[in-house]
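Q: below are the sequence and a predicted model for it; my questions follow.
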Amino acid sequence: MLAIGWFKTVIDSGDFQTMISRHIAKSWIFVATAICAVIAGSAGAAEPQAWQLGLQEPAGSIAEKATSLHNLLLVIITAISVFVLALLVYTCVRYREKANPKPSRTTHNTVIEILWTVVPVLILVVIAVPSFRLLYYLDDTKQTEMVVKITGNQWYWNYEYPEEGLAFDSYMVDEEDLEEGQPRLLTVDYPMVVPEGTKVKLLITGNDVMHSFFVPALAVQTYSIIGRVNEAWIDVPMGAKSYYGQCNQICGVNHAYMPIVIEAVSADDYAKWLATAKEEFALNNMPVSTMLASAQ
Ligand SMILES: [Cu+2]
């Protein structure tokens, strides 16, 4: 599916059409080069594309594993659907009343009954092995290098960096305030910033109603539930890039207007961001006794 998406993007690009008209089908190397150029050109943002087919380009080990499981399942379900359709068509044609006026009265066939029980079980086992492998991989957050606590609110996200003592709200930027190149309904004022090539533990919770933290390219989708902290992690690959996502649990009238942006930046840029963010978004770490004393 991904390949079809890439191919369409390639066909739509003017450069590709000019190239093809000059060297029509000269060599597959041209096609491969064009595909690589489109992939390289699209680096910088992970967001949905117009007429996109298939999943977003996977980013990080979790997304790669999820995509390959998806591709395996796609082959299996396609094969099953085609097989069942072929059986139906064959039965309808071969055993129609005209071709088969005297129907068989068979009610049991031991061999077929064993087959249609055992074969689906085997298919489920084949699916279960990679599924469980991925589930356990998702569950293991021991290797993570930093923590971000994410709280879903009606209708914005709050990002807290407990190790750095800072927290801030992240609101969608209205259409009239967008700058050149910023995607509509996906741009926020303060994105969640993380250093590139980092495994980040996410602690996801809710403040009012149920929300869901969903960033397709990083293959994270976790419910944000009031009074409960769900754990997930993302494996942010190397490269400065914006990863776009949305709340995908219907959470009220502005459900569609609480996008998520995870901004991966270089280690240097992250240090710079952290310095400013610590001033701007510092949590009040004053001890309770001091706060009570100053309130009197
Ligand atoms: Cu929501």
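A: Ah, there it is.

Q: so where's the longest helix in this structure?
A: Secondary structure of the chain read by DSSP state H shows that its longest helix is helix 60-94.

Q: show me what the one helix or strand Asp169 maps to is packed against.
A: Here Asp169 sits within strand 166-170, counting by DSSP states H and E. Applying 3 or more CB pairs under 8 Å, 6 or more residues apart in numbering; DSSP states H and E, one finds that strand 166-170 contacts strand 156-161, helix 267-280. C-betas here are computed from N, CA, C, even on glycine.

Q: quick check: residues of this structure near the ion?
A: 211, 247, 251 (CB under 5 Å from the ion).

Q: isn't the second one up against Phe214?
A: Yep, that's Cys247 we're talking about. Yes. Using CB atoms under 8 Å, Cys247 makes contact with Phe214 at a distance of 7.0 Å.

Q: show me the common contact partners of those two, please.
A: Ile260 (CB atoms under 8 Å, 6 or more residues apart in numbering).

Q: the more surrounded of these two?
A: Set Cys247 next to Phe214 and count neighbours by other CB atoms under 10 Å: Cys247 wins out with 25 against 17.

Q: need phi/psi at Glu113.
A: With angles defined as degrees, to the nearest 10, Glu113 sits at phi -60, psi -40.

Q: gap between Val129 and the ion?
A: 34 Å (CB to the ion, to the nearest Å).

Q: in which helix or strand would I find that residue?
A: helix 110-139.

Q: residues of that helix that come out buried?
A: Of all the residues in helix 110-139, those buried under the rule 16 or more other CB atoms under 10 Å are 134, 138.

Q: roughly how far apart are the residue nearest to Gly165 when sequence neighbours are not counted and Ala277?
A: Distance criterion CB to CB, 6 or more residues apart in numbering; nearest residue to Gly165, sequence neighbours excluded, is Leu283 at 5.0 Å. Between Leu283 and Ala277 the distance is 11 Å, computed by CB to CB, to the nearest Å.

Q: now the common contact residues for the two.
A: With CB under 8 Å, 6+ apart, Leu283 and Ala277 have common neighbours Leu166.

Q: if you count what's nearby, which of those two comes out ahead?
A: Between Leu283 and Ala277, counting by other CB under 10 Å, Ala277 is the more crowded of the two (19 against 14).

Q: ok, that one touching Val193?
A: Yes. When contacts are counted by CB under 8 Å, Ala277 is listed as touching Val193 (7.5 Å).
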